[in-house]
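Q: what follows is a protein structure lacking sequence information:
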């Protein structure tokens, strides 16, 4: 029997065909490594470039709700808007490293006891979700959100996180960012806002498609008033100090006066736009003599105290036979 020719490739260089389980495992490892590398580069890019669009924005566009956003740097956004976001969403924003474990634990206990479901996500977690991910998805999305939260905390810093959050957060139907929300609700940009205006926009953030910042009612109004009161607490305790650390905070400005459109009066469309002539130039037009007069003369009024005349007395009739 003829022997097989010996291979010229040394044994330590030869590769045996791998089994399918090993191939699948290798593909998984490559995908995981690619995900980590791409996510790091993605987050690093957004440290300097404003995010052009997000998955939530695309959802509104495909649903026909449109898209309105107007990026504004953090150096121009009114400080009360920053304080309102901290007062409403994350009072420990400058103290934690992206995760508030006490708030998460309290939210889990509260949700387990029933009633209104509330989350314990920080502003950093919400920024990671709105910028890189999508709404919903359960625990799988939460795990990816934690990774992106870790990245932005270490690659961006608190100032950039707040800047992206206030420009990407949904503030209404097809409206994104505090600046676009201020233009929609109040008729001016977010460079000069009152504490009430900032609080009302912050009150809309949890449910932007169901709440309105103009003339809010019920829970939204009460929540906005609570946030407006907390803005002073944030300012007093310096809870927004990490955002303006080493930089000058924007000066306080009064909101510009907004000219409201006059409401139309009933019957205004029937009035003439031509002004009436002066009274001294008015000419009296005599009535037409040939025109028939249909007005009936009024009947004489009967005095109220006049008694009616008595009926005439009946005459006795003579008998027919003359007797």
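A: Noted; the coordinates are in hand. Values in this document were obtained by computation on a predicted structure and should not be read as measured data.

Q: so where does the closest residue to residue 186 other than its chain neighbours fall, helix or strand?
A: Nearest residue to residue 186, sequence neighbours excluded (C-beta to C-beta, 6 or more residues apart in numbering): residue 197, at 5.5 Å. Yep, even glycine has a C-beta here, placed from its N, CA and C like the rest. If you go by DSSP states H and E, residue 197 is part of helix 195-204.

Q: ok, the residue nearest to residue 186 - contacts?
A: 182, 185, 186, 213, 255 (C-beta atoms under 8 Å, 6 or more residues apart in numbering).

Q: now rank those by neighbours and give me the top one.
A: Highest neighbour count within those, by other C-beta atoms under 10 Å: residue 182, with 29 neighbours.

Q: re earlier: which parts of the helix holding residue 197 are buried?
A: 195, 196, 197, 198, 199, 200, 201, 202, 203, 204 (16 or more other C-beta atoms under 10 Å).

Q: distance of the fifth one from residue 162?
A: With distances defined as C-beta to C-beta, to the nearest Å, the gap from residue 199 to residue 162 amounts to 17 Å.

Q: what about the strands in the stretch 101-250 of the chain?
A: Ranges of strands in the stretch 101-250 of the chain, per DSSP state E, counting those that start in this stretch, are 170-172, 175-176.

Q: tell me the most buried of those strands?
A: Ranked by mean neighbour count, the strands of the stretch 101-250 of the chain are led by strand 175-176 with a mean of 25 (mean count of other C-beta atoms under 10 Å).

Q: buried residues in stretch 32-48?
A: 43, 46.

Q: for it, give me every contacting residue.
A: Counting by C-beta under 8 Å, 6+ apart, 131, 132, 147, 148, 151, 152, 155, 156, 160, 164 sit against stretch 32-48.

Q: now do stretch 133-148
A: Counting by C-beta under 8 Å, 6+ apart, 39, 43, 55, 56, 59, 99, 125, 128, 129, 131, 132 sit against stretch 133-148.

Q: make sure the second one is indeed in a helix.
A: In other words, residue 43. Yes: judged by DSSP: H, G, I helix; E, B strand; the rest coil, residue 43 forms part of a helix.

Q: name the nearest residue to it, ignoring sequence neighbours.
A: Closest residue to residue 43 apart from its sequence neighbours, by C-beta to C-beta, 6+ apart: residue 151 at 4.4 Å.

Q: now do the contacts for residue 67.
A: Contacts of residue 67 by C-beta under 8 Å, 6+ apart are 53, 57, 60, 61, 174, 176.

Q: okay, it: pLDDT?
A: Here the pLDDT value assigned to residue 67 is 91.

Q: could I get the phi/psi values of it?
A: Dihedral angles phi and psi of residue 67 (degrees, to the nearest 10) take the values phi -150, psi 120.

Q: can you tell me how far it is from residue 183?
A: 14 Å.

Q: repeat for residue 166
A: Going from residue 166 to residue 183 by C-beta to C-beta gives 14 Å.

Q: in what helix or strand does residue 57 lie?
A: helix 55-62.

Q: what is whatever helix or strand comes next after that helix packed up against?
A: Per DSSP H and E, the first helix or strand lying C-terminal to helix 55-62 is strand 68-69. Using 3 or more C-beta pairs under 8 Å, 6 or more residues apart in numbering; DSSP states H and E as the contact criterion, the elements in contact with strand 68-69 are strand 175-176, helix 178-186.

Q: apply 10 Å and report the result again.
A: The contact analysis (3 or more C-beta pairs under 10 Å, 6 or more residues apart in numbering; DSSP states H and E) places strand 68-69 against helix 55-62, strand 170-172, strand 175-176, helix 178-186.

Q: and the first one, what does it pack onto?
A: Right, the one you point to is helix 55-62. strand 68-69, helix 123-132, strand 170-172, strand 175-176.

Q: rounded mean pLDDT for it, please.
A: Here the average pLDDT along helix 55-62 is 91.

Q: flag every buried residue along the worst-scoring helix or strand of the chain on mean pLDDT.
A: Every helix and strand of the chain was ranked by mean pLDDT, DSSP states H and E. The lowest is helix 101-112, at a mean of 76. Neighbour-count burial for helix 101-112, counted by 16+ other C-beta under 10 Å, picks out 103, 107.

Q: return the angle between stretch directions for it and helix 123-132.
A: Angle, helix 101-112 to helix 123-132, by axes from the mean of the first three to the mean of the last three C-alpha atoms, to 10 degrees: 80 degrees.
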